[in-house]
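Student: Okay, predicted coordinates and the sequence, questions at the end:
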Amino acid sequence: MVQPEFAYFARAFALRIEGREQEELMRSGGDSPPARFFRCSMTLEERLEKIEALLASLVERQQVRQWHTTQEFAKAVGKAEFTIREYCRLGRLCAEKRQSGRGAHSQWVLSNAELLRFQREGLRPVQRARAQTSAKSESVKF
């Protein structure tokens, strides 16, 4: 047995397809459930456009990138971009330099495998020799 409200909407949909929804709905009573439904509903084209836009955003989110910038990596793990760059510099994250950075400076890039490893295991242990070397080179500036 069809529930009364579903019958209203089925009838309203059939009338809308035929292009007579306004006339029929107003004759049947301007405050009936189908009349209220069509006053606030979108057209079929609007709904399809909205669905396509949502699908495109979902596909974009689900795409697996091979390499991430420090900004993308930071957003994915909830850290500041500066923190991720420091982790790369100190060797706490396995990263490579890309030659298309800012001006004369190369930009760090991190693999998707490193992102997954970081999410599972966290940071790599501190590499004492590298940390001490970088600390010495920073303290001696001319």
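Tutor: Looks like it arrived, so ask away. Numbers count the residues shown, from 1 in each chain.

Student: which residue ranges form the helices in this structure?
Tutor: Counting by DSSP state H, one finds helices in the chain at the ranges 4-18, 21-28, 33-40, 44-62, 70-77, 81-90, 112-121, 128-139.

Student: Mean confidence (pLDDT) on the last one, please.
Tutor: The average pLDDT for helix 128-139 rounds to 56.

Student: Going forward, the N-terminal residue is numbered 14.
Tutor: All right, first residue 14 from here; so that's helix 141-152.

Student: So what are the structural domains in this protein, by residue number?
Tutor: The record's domain parsing of the chain by automatic domain parsing lists 17-73, 80-139.

Student: and these, which one is worst for confidence?
Tutor: domain 17-73 (a mean of 67).

Student: in stretch 81-101, what counts as buried?
Tutor: By 16 or more other CB atoms under 10 Å, the buried positions in stretch 81-101 come out as His81, Thr82, Thr83, Glu85, Phe86, Ala87, Ala89, Ile97, Arg98, Tyr100, Cys101. For every residue, glycine as well, the C-beta is placed using N, CA and C.

Student: For that stretch, which outside residues touch it?
Tutor: Applying CB atoms under 8 Å, 6 or more residues apart in numbering, the external contacts of stretch 81-101 come out as 78, 106, 108, 120-125, 128, 131-132, 136.

Student: Show the buried residues in the residues you listed.
Tutor: Using 16+ other CB under 10 Å as the burial test, the contacts of stretch 81-101 include Leu106, Ala108, Gln120, Trp121, Val122, Leu123, Ser124, Leu128, Phe131 as buried.

Student: ok, now how distant is the closest residue to Cys107 other than its chain neighbours from Ser70?
Tutor: The shortest distance from Cys107 to any residue other than its chain neighbours is 5.1 Å, reached at Glu127 (CB to CB, 6 or more residues apart in numbering). Separation of Glu127 from Ser70 (CB to CB, to the nearest Å): 25 Å.
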